[in-house]
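Peer 1: Okay, predicted coordinates and the sequence, questions at the end:
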Amino acid sequence: MATAAKGVVLLDFWVSPFGQRCRIALAEKGVEYEYKEENLWDKSPLLLKANPVHKKIPVLIHEGNPICESLLIVQYIDEVWSNNPLLPSDPYERAQARFWADFVDKKVSECWTRLWKVKGEAQEEARKDMIEDLKLLEGELGDKQYFGGETFGFVDVAFVPLSAWFYTFETCGNFSVEKECPKLVAWAKRCMERESVSKSLHDPHKVYEYVCQLKKKLGVD
Amino acid sequence: MEQAPSGLKLFGSWASSYTHRVQLALKLKGLDFEYMEEDLNNKSPSLLLYNPVYKKVPVLLHLDRPIVESVIILQYIDETWTDRPIMPADPYERAVARFWCYFADDKLGPAVGAVFGLAGEDQKAAVAQVHENLKLIETELREGAFKGRRFFGGDKIGILDIVLGCGSYWLAVFDEVMEVKLVDPEAFPLFHAWLRDFEEQEEVKEIIPAIDRLLEYARGIRQMMLSLKDTPTAAAPAATTTTTTTTNDNSNVAVESGSGV
């Protein structure tokens, strides 16, 4: 395991797409860090101390300072290590990047929280919303290589971990991401060619297996 | 219509604290702008064109390009006009400021909204939630990230002052309309003192609407919300505010055991 050179520690959970954003960003910057796996059902004193407000992962601890919230962590990483910038330099482009990264959380993740837990009409609505939101993202991607244009950027980092969840979304929601948003699927494949991404994401079937176990554990179904 | 020399146009609503945030930031930066009041019950084609995803105010148009979401707009303004900065320079301080901005919007705001839309025991529980949130901020002021500061931004108003401040005057309004004590100066002395100080700033006084207008507006909304609450099919405002999921909730929504939703 890499030593916490320059004191970088990431408190995380293996399958968390939010944690993966941080792992991808750190990898893109070539930053060595110590990875600490948290047991979400038995959170460590370190986590509770580092994130007393939300008590959640991911938390990046840099030189003793905790930074919480995955998108804030990625921005922090981008600002501290200025090689391979993730956010564009132009303020308008930056605003657009922040908007779409925020959209992933406000809309796509929000749909997911409904999709896996509800049934019937509510699930149908969640499914519809999810497809609509994915289509909006696909519209934003357009024919670009990445959301960042020619280069892999902030929105790519924000969204790509969820691509490992497409299979889970599809199976729970009974739809096909490939059919609805083929450009997103192509984009995800392209991202997986980057080592930072392929080394951070898990096999979609493993993710699905995890969700099934979680559902059982919580008595959802 | 003549365009402001700065090329700025703001679509907003007079009673929207999110709109006030942007107006305050522009004022602090000394930027002129054209203002378009939106009737939120009859949104203009321009608003829908410039914010097709959320269809909300505020929308800042700069040289005909739209920027939406108030915290994103504030950062855009700060990065485009770099005099009189509202964001800290240090990356860690920036992360802290952003964290609490999102806390204000994802936790405190909805909690206050819930108080407004409820009555009786439900309201008591919502008030307790607001107090929990204020306690966290009070702690940061007393012994945490903002210890010893006059404003969250230091000696001058910064982004977090703008975000918290432009919603916090509502707390006093709600106190009046519902006779519910949200910002008890004894329980939250530092927050209370900061709010008084913030509200005394010239620029802030020029932005915040007259208190009687706010009171009238709040009373009207409260009446409507309470009457809707009794209607089975109506979307209770409390429900919509509490289900507002956000960055922090979603940080673990896929992995946490159902908590945080």
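Peer 2: Happy to help now that I have it. Residues are numbered from 1 along each chain as shown, chains lettered A, B, ... in the order given.
Peer 1: Number of residues surrounding residue 22?
Peer 2: Answering for chain A, as no chain was given. Neighbour count for residue A:22, taken as other Cβ atoms under 10 Å in any protein chain shown: 29. The C-beta positions use only the backbone N, C-alpha and C, and glycine is treated the same way.
Peer 1: my bad, chain B
Peer 2: Neighbours of residue B:22 (other Cβ under 10 Å): 29.
Peer 1: SS state for it?
Peer 2: Following DSSP: H, G, I helix; E, B strand; the rest coil, the label given to residue B:22 is helix.
Peer 1: what residue ranges in chain A score low on pLDDT?
Peer 2: Along chain A, the parts satisfying pLDDT under 70 run over A:1-6, A:221.
Peer 1: likewise chain B?
Peer 2: The low-confidence ranges in chain B, as defined by pLDDT under 70, are B:1-4, B:229-261.
Peer 1: could you pull out the helices for chain B?
Peer 2: Here chain B has its helices, by DSSP state H, at B:17-28, B:45-50, B:70-80, B:91-103, B:109-117, B:120-143, B:159-178, B:189-200, B:202-207, B:211-229, B:237-242, B:247-250.
Peer 1: Bridge partners for residue 37, pull those for me.
Peer 2: You didn't pick a chain, so chain A it is. Note on residue A:37: beta-bridge partners residue A:12, judged by DSSP bridges.
Peer 1: right idea, wrong chain: chain B
Peer 2: Residue B:37 has the following beta-bridge partners by DSSP bridges: residue B:12.
Peer 1: ok, now which ones touch it?
Peer 2: Shown in contact with residue B:37 (Cβ atoms under 8 Å, 6 or more residues apart in numbering or on different chains): B:12, B:13, B:14.
Peer 1: closest to chain A among these?
Peer 2: Nearest to chain A among the contacts of residue B:37 is residue B:12, at 17.2 Å by Cβ to the nearest Cβ.
Peer 1: pretty sure that closest one contacts residue B:21?
Peer 2: No - between residue B:12 and residue B:21 there is no contact under Cβ atoms under 8 Å: 9.7 Å.
Peer 1: ok, the two, which is more surrounded?
Peer 2: Between residue B:12 and residue B:21, counted using other Cβ under 10 Å, residue B:21 has the larger neighbour count: 25 against 22.
Peer 1: if we can go back for a sec, what touches both of residue B:12 and residue B:21?
Peer 2: Taking Cβ under 8 Å, 6+ apart as the contact definition, residue B:12 and residue B:21 share the neighbouring residues residue B:58.
Peer 1: Pull the number of nearby residues for the closest residue to residue B:81 other than its chain neighbours.
Peer 2: Excluding its sequence neighbours, the residue lying closest to residue B:81 (Cβ to Cβ, 6 or more residues apart in numbering or on different chains) is residue B:29, at 5.0 Å. Around residue B:29 there are 17 other residues, counting by other Cβ under 10 Å.
Peer 1: is any part of the biggest helix by length in chain A close to chain B?
Peer 2: Ranked by residue count, the top helix of chain A under DSSP H comes out as helix A:120-141. Yes - Helix A:120-141 reaches chain B (Cβ under 8 Å from any Cβ of the partner chain) through residue A:136.
Peer 1: Which strands or helices does that helix pack on?
Peer 2: If you count contacts as 3 or more Cβ pairs under 8 Å, 6 or more residues apart in numbering or on different chains; DSSP states H and E, helix A:120-141 packs onto helix A:91-103, helix A:110-115, helix A:166-173, helix A:177-180, helix A:182-192.
Peer 1: Now do the next helix or strand after it: distance to the chain's middle.
Peer 2: Sequence order places helix A:154-163 as the next helix or strand after helix A:120-141, per DSSP states H and E. Mean C-alpha position of helix A:154-163 versus that of the full chain (Cα atoms, centre = their mean, to the nearest Å) differs by 5 Å.
Peer 1: relative to helix A:120-141, how tilted is helix A:154-163?
Peer 2: Using axes from the mean of the first three to the mean of the last three Cα atoms, to 10 degrees, the direction of helix A:154-163 lies 140 degrees away from that of helix A:120-141.
Peer 1: of the helices and strands packed on helix A:120-141, which approaches residue A:124 most closely?
Peer 2: Ranking these by proximity to residue A:124 (Cβ to Cβ) places helix A:166-173 first, at 9.1 Å.
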